[in-house]
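> Have a look; sequence and predicted model below, questions after that.
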Amino acid sequence: MVRTVYSEKKPAFAVEAAGVLSDIKRTLNIKLENVRLINRYFVEGVDDADFAKAKTTIFSEPTVDDTITILRGLKE
């Protein structure tokens, strides 16, 4: 089974997203309020225990990232 993990910096740590927002506003002159950068990882060949551990040790840093395994409106 292929599993999907989404990882996003918590707002206080979203420095890269803030930079992208600034670039878009300045370079393209587009009015935006927010930009979110979400990393998507596909994981295959691991059991449930290893997958649960990998979400918080390999694919994210729990103190600065939020992780989810399903996006709203989409089935896993």
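Everything's here; your move.

> helices or strands next to the top helix by length along the chain in the packing?
Longest helix of the chain, by residue count under DSSP state H: helix 15-28. Using 3 or more CB pairs under 8 Å, 6 or more residues apart in numbering; DSSP states H and E, the elements in contact with helix 15-28 are strand 2-9. In this view, the C-beta of every residue, glycine as well, is placed from N, C-alpha and C.

> quick revisit: quick one: work out the angle between the longest helix of the chain and strand 2-9.
Helix 15-28 and strand 2-9 are oriented at 80 degrees to each other (axes from the mean of the first three to the mean of the last three CA atoms, to 10 degrees).

> Can you name the residues in contact with helix 15-28?
Residues from elsewhere that reach helix 15-28 (CB atoms under 8 Å, 6 or more residues apart in numbering): K9, I30, K31, L32, N34, V35, R36, L37.

> Among these, name the buried ones.
The neighbour count (16 or more other CB atoms under 10 Å) marks K9, V35 as buried among the contacts of helix 15-28.
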